[in-house]
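Q: dropping a prediction and its sequence here:
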Amino acid sequence: MSCQQTHELIHGYLDGELDLVKSIEIEKHLAHCDACTQTYKGMRSLQSTLSDSALRFKPPANLERHLRSKLRRENGPERGPVTLRWGLVAGASLIAALIVISVVGAIFSRQSSDDLLAQEVVSSHVRSLMADHLTDVPSSDRHTVKPWFDGKLDFSPTVKDLSQQGFSLNGGRLDYIVNRPVAALVYQRRQHSINLFVWPSTGSEDMSEKASVRQGYHMIRWTNGGMTYWAVSDVNLAELQQFVQLLQE
């Protein structure tokens, strides 16, 4: 992938909107291009700054009512038709501005919500490594790990044995994300730990995989069969994608 192609796609990569093939191509390019890497770091810093809730403005709930009332007072019977017409135009413009502000605010709120969830997931991954608390039930036997969650969660996570494919099961633990307990299944790829977070999805439709990078960790999220999945690791993106594909088979 060339520098020009990378610049055209870098925004989609930052937002996790690219398919995994393009994400891997960009990652390979960034690994060997200092100029594009600096551009990427600058954009990531700007994205983090713009997502700060302190930069968003939410108009008061009674602003529209106040403006309408003020316009009615200023455009009373003694006002001529021209003045009234201009008053209506100004009122319509103000209402349009309010709609734009509301839409933009909703977009930033959604992005901020996604960012907060991604940060919460990666923070849980980092804590599990720093506190040396990867597993509550250390076991490579899925028939031991899966029953351990019974009675501890209001759902039963699927546990797969992928040791033959190079991803050994190390065990599982309880974690806490999105204000609820979730299952964390721990796998090992050489010296790299992979946390697979699982909890029930709030949406009715499945969502295909979306890859992103946060604090140097690769993340892939998807929903399937009413469950939400987040795979997080410092293993390279291609291997993490291989892991996700094996889980879905």
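A: Yes, it's here. Note that the structure is predicted; figures quoted are calculated from it, not measured. Residues are numbered from 1 along each chain as shown.
Q: which residues touch the nearest residue to residue 208 once chain neighbours are set aside?
A: Nearest in space to residue 208, with sequence neighbours left out and distances taken as C-beta to C-beta, 6 or more residues apart in numbering, is residue 222 at 6.1 Å. C-beta coordinates here come from the backbone N, C-alpha and C atoms, glycine included. Applying C-beta atoms under 8 Å, 6 or more residues apart in numbering to residue 222 gives the contacts 206, 207, 208, 209, 210, 228, 229, 244.
Q: one more: residue 212?
A: Taking C-beta under 8 Å, 6+ apart, one finds 16, 118, 218, 219, 220, 221 in contact with residue 212.
Q: out of those, which sit inside helices?
A: residue 118 (DSSP state H).
Q: residue 155 reaches residue 200, doesn't it?
A: Yes - counting by C-beta atoms under 8 Å, residue 155 touches residue 200, with 5.4 Å between them.
Q: okay, buried residues for stretch 207-223 please.
A: Neighbour-count burial for stretch 207-223, counted by 16 or more other C-beta atoms under 10 Å, picks out 209-214, 217-223.
Q: which ones among these map onto strands?
A: Counting by DSSP state E, the buried residues of stretch 207-223 place 209-214, 217-223 in strands.
Q: nearest to residue 37 among the residues you listed?
A: The nearest member of these to residue 37, counting by C-beta to C-beta, is residue 213 at 12.0 Å.
Q: for beta bridges, what are the partners of that closest one?
A: residue 218 (DSSP bridges).
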